[in-house]
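Engineer: Sequence plus the predicted model coming up.
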Amino acid sequence: MTATLEPTRFIVIPQEVWEHEDAPPPPADEFETFPEDDVEFVPCEPKPLSLAAYTGLGGASGSLVFGIAAGVLMTSPLGLVIGVAAGAFGGLMGHSLAEELYERTH
């Protein structure tokens with residue numbers, strides 16, 4: 001049986017680092033300054049939501065509210081069918097309400 005030995009590796013740590021001292025600051029000429037670094041960015045105004053976003057959010061929230069509420073109230077297999085139907089109705093209603101709200105505010 002032969003044993004193979006891996007080579008030993010050493011890490012050299014300077015004495016000032018070992019004594020928990022801060023590293024010296026980098027030389028001043030090491031980093032270049034670019035004119036792009038001095039530019040201040042102006043925050044942009046958020047764009048308002050579009051009609052599709054309003055109606056999509058309204059339909060999804062209406063579908064969840066009506067579907068979950070109806071499904072929880074009817075805890076039988078029939079409750080699943082009623083929950084799906086109520087979710088579809090709630091989605092359509094939420095879509096219509098969101099469209100009306102968008103038209104009134106814009």
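Structural biologist: In hand now; what should we look at? Residues are numbered from 1 along each chain as shown.
Engineer: For burial, what's the neighbour tally of the spatially closest residue to Gly83 that is not a sequence neighbour?
Structural biologist: Nearest non-adjacent residue to Gly83, counting by C-beta to C-beta, 6 or more residues apart in numbering: Gly71, 2.9 Å away. Using the backbone N, CA and C atoms, a C-beta is placed for each residue, glycine as well. Residues contacting Gly71 under the criterion other C-beta atoms under 10 Å number 17.
Engineer: elements contacting the longest helix anywhere in the chain?
Structural biologist: Longest helix in the chain by number of residues (criterion: DSSP state H): helix 77-105. Counting contacts by 3 or more C-beta pairs under 8 Å, 6 or more residues apart in numbering; DSSP states H and E, helix 77-105 packs against helix 51-73.
Engineer: Contacts only, for the residue nearest to Gly83.
Structural biologist: Counting by C-beta atoms under 8 Å, 6 or more residues apart in numbering, Gly71 touches Gly79, Leu80, Ile82, Gly83, Val84, Ala86.
Engineer: ok, 7 Å please
Structural biologist: Gly79, Leu80, Gly83 (C-beta atoms under 7 Å, 6 or more residues apart in numbering).
Engineer: before we move on, what about Gly58?
Structural biologist: Gly58 touches Gly94, His95, Leu97, Ala98, counting by C-beta under 7 Å, 6+ apart.
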